[in-house]
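> Provided below are the primary sequence and the corresponding predicted coordinates.
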Amino acid sequence: MKAIGVLTSGGDAPGMNAAIRSVVRSCIYHGVKVYGIYYGYQGLIEGEIKELTIGSVGDIIQKGGTMLYSSRSEEFKTPEGQKKAIEQLKKFEIDGLVVIGGDGSFRGAKKLTEQGFPCIGVPGTIDNDIPGTDFTIGFDTALNTVIQAVDKIRDTATSHERVYAIEVMGRDAGDLALWAGLAGGAESILIPERESSFDEVIEKIKRGHERGKRHSIIMVAEGVGSAVDYADQINEKLDLSTRVTVLGHTQRGGSPTATDRVLASRLGAFAVDLLINGKQGRMVGIENNQLIHHDIIEALEQQHNIDDGLYQLSNQLSI
Ligand code: F6P
């Protein structure tokens, strides 16, 4: 392996820069050239490719976003787009690719792998929804961002005796809502992976109110619908003031936590090790704090599951 490319794709996640830094410095450490591919797969198609040096990735470990920028490319989904991408990789004499991103980005890596180009996927998404790894880069930072917001909302909710429906990201995944709900002491957590009874949500708010509780937090994952609609329904059923906060893209930004920086550094270096050792079509991850790798195609076929123990616990503690 003489030259490796690295790109970030899909929704950005805090810690992607730390992962890029790790890939770049590990390549240089092993005497392998490294190229940054800008703007994700679209940039790959268009040849937005530059050689990176040790200095190119200085002073980024603490920064949110991605210095390589990101995109969601429709063109890359087509066979013509993939052909152009492979031509660019050949032109720059790149013989292995590290893709940092979520499931959509992994599907792209899978396409290249199927066409014989060595790729390794590094899971980077705030959603924590990639099967085959306990955690994805960016999840811990986003979780802490949500928790800071929940704590602030709780202050004002208590002052005004209000119910808050807080909507967090997670198109198809409830991890952020589940972990934030547990860490933030939410009364109810609504996630796409579990059916929730709306009557139970109302009952819990009522019970809390009757025993003198001055605030109620309902954590809503974006994948189950709009927090505004849930708040409207709560307003219809209860004579309590209800407000909504949609945290939106604030969850995607900010300086990565130490946990995310360490995870990103470990996974980035591991991806380079695998490519150098002739592995391809793998995704890297962490299970029980050990670095692991899985077949990227098989991993994508698995269903992401939430931690049922955490879900049960959240119910138990919010009686
Ligand atoms: O996949 C990450 C994510 O932040 C999801 O949680 C969210 O549904 C989506 O990206 C938002 O995407 P966009 O940045 O295109 O609005």
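Arrived safely. Residues are numbered from 1 along each chain as shown.

> roughly how far is stretch 212-223 from the heart of the chain?
23 Å (Cα atoms, centre = their mean, to the nearest Å).

> I'd like the average pLDDT over it.
The predicted model gives stretch 212-223 an average pLDDT of 96.

> give the buried residues for it.
Under the neighbour-count criterion of 16 or more other Cβ atoms under 10 Å, stretch 212-223 has 215-223 buried. C-betas here are computed from N, CA, C, even on glycine.

> ok, stretch 64-76 next?
Of the residues in stretch 64-76, 64-71, 73, 76 count as buried by neighbour count, 16+ other Cβ under 10 Å.

> in helices, which of the buried residues of stretch 212-223 fall?
Among the buried residues of stretch 212-223, no residue falls in helices (DSSP state H).

> ok, residue 156 - contacts?
residue 162 (Cβ atoms under 8 Å, 6 or more residues apart in numbering).

> brain fart, residue 221
Contacts of residue 221 (Cβ under 8 Å, 6+ apart): 167-170, 173-174, 176-178, 189-192.

> chain neighbours aside, what residue packs nearest to it?
Leaving aside its chain neighbours, residue 221 sits nearest to residue 177 (3.7 Å; criterion: Cβ to Cβ, 6 or more residues apart in numbering).

> show me what contacts that neighbour?
Per Cβ under 8 Å, 6+ apart, neighbours of residue 177: 168, 170, 189-191, 219-221.

> doesn't it belong to a strand?
No - counting by DSSP: H, G, I helix; E, B strand; the rest coil, residue 177 falls outside a strand, being helix.

> would you format the contacts of residue 221 as JSON lines with pLDDT included?
As requested, the contacts of residue 221 are arranged in JSON lines below (pLDDT from 0 to 100):
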{"residue": "167", "pLDDT": "98"}
{"residue": "168", "pLDDT": "98"}
{"residue": "169", "pLDDT": "98"}
{"residue": "170", "pLDDT": "93"}
{"residue": "173", "pLDDT": "95"}
{"residue": "174", "pLDDT": "97"}
{"residue": "176", "pLDDT": "98"}
{"residue": "177", "pLDDT": "98"}
{"residue": "178", "pLDDT": "98"}
{"residue": "189", "pLDDT": "97"}
{"residue": "190", "pLDDT": "97"}
{"residue": "191", "pLDDT": "97"}
{"residue": "192", "pLDDT": "96"}
